[in-house]
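S.K.: predicted model and sequence follow; I will ask about them next.
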Amino acid sequence: MTGPEQRPKQTRRDSVLALSLAGLVAAMIGLSFAAVPLYRMFCQATGYGGTPQRVEQASDTVLDRTIRIRFDANVAPGLPWKFEPVDRVIEVKIGETSLAFFKATNTGTTPVSGTAGFNVSPEIAGSYFKKIECFCFKEQMLAAGASIEMPVSFFIDPALVDDEDAKNISEITLSYTFYRNDEPGVAAAPQGEKSGS
């Protein structure tokens, strides 16, 4: 039987346990919000999951071997944009800095912003697909009816030819999906030219 002197100790232990559990729940919620940006940074740094890596400078080696780059463009539901590559396929030398363009048009009646998610296939090529600059690094805002051409500057790392699992790759697909990232009706400074100008 619990005596009067043991009740305060039990109450203290219950309070400490409740506070500890509340702290654990708060920490887990905080980590869940940080997980997506941390995962994206990890993928960009390592090429994990077919995510191209971001680099600051071009390759200093260009090989006399070409590789075909195929471009894929998608729009998530809820974003009233038409989005497509200017050229669907290009051939580049491994190590050579290349520039490709994508065109987006806001087919809606209000300004809308979007951000592009991206990956490459085959997945192993993500470690060797190096982006120097890309429209996908920042949010894009388009006025109603506006169009914009957006560049991506990249190269295929020459180290690809030394990887036993990747050296025979002859084609890489770079795929983008644009997602809406603003609230409907929120206006911001529009970018891009009007369609037909």
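M.R.: Received, thanks.

S.K.: distance check, the residue most central in space within the chain against Asp162.
M.R.: By CA atoms, centre = their mean, the chain has its centre lying nearest to Gly117, at 3.6 Å. Noted for Gly117: a distance of 29 Å to Asp162, by CB to CB, to the nearest Å. All C-beta spots, glycine's among them, are computed from the backbone N, C-alpha and C.

S.K.: ok, which stretches of the chain are strands?
M.R.: Counting by DSSP state E, one finds strands in the chain at the ranges 53-54, 66-75, 81-85, 89-93, 98-106, 112-121, 129-134, 140-142, 146-156, 171-180, 193-194.

S.K.: out of the ones you listed, which gets the lowest mean score?
M.R.: Across the strands of the chain, strand 193-194 has the smallest mean pLDDT, namely a mean of 38.

S.K.: roughly how far does the closest residue to Leu160 other than its chain neighbours sit from Ile156?
M.R.: Across the structure, with CB to CB, 6 or more residues apart in numbering as the measure, the residue nearest Leu160 apart from its sequence neighbours is Tyr128 (4.1 Å). Applying CB to CB, one obtains 6 Å for the distance of Tyr128 from Ile156.

S.K.: the more surrounded of these two?
M.R.: For Tyr128 against Ile156, the residue with the higher neighbour count under other CB atoms under 10 Å is Ile156, and the figures read 26 against 23.

S.K.: gap between Val89 and Ser59?
M.R.: Val89 is 21 Å from Ser59, by CB to CB.

S.K.: any chance of the strands of the chain in JSON lines, with distance to Thr11 too?
M.R.: Converted to JSON lines, the strands of the chain look like this (distance: least, CB to CB, whole Å):
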{"stretch": "strand 53-54", "distance to Thr11": "54"}
{"stretch": "strand 66-75", "distance to Thr11": "58"}
{"stretch": "strand 81-85", "distance to Thr11": "59"}
{"stretch": "strand 89-93", "distance to Thr11": "70"}
{"stretch": "strand 98-106", "distance to Thr11": "61"}
{"stretch": "strand 112-121", "distance to Thr11": "50"}
{"stretch": "strand 129-134", "distance to Thr11": "58"}
{"stretch": "strand 140-142", "distance to Thr11": "56"}
{"stretch": "strand 146-156", "distance to Thr11": "62"}
{"stretch": "strand 171-180", "distance to Thr11": "50"}
{"stretch": "strand 193-194", "distance to Thr11": "69"}
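
S.K.: tally of neighbours for Gly78?
M.R.: A total of 10 residues lie near Gly78 under the criterion other CB under 10 Å.

S.K.: ok, now Asp72?
M.R.: Number of residues near Asp72 (other CB under 10 Å) recorded here: 16.

S.K.: now it: closest residue in space that isn't a chain neighbour?
M.R.: Once chain neighbours are set aside, the closest to Asp72 by CB to CB, 6+ apart is Ser175, at 3.9 Å.
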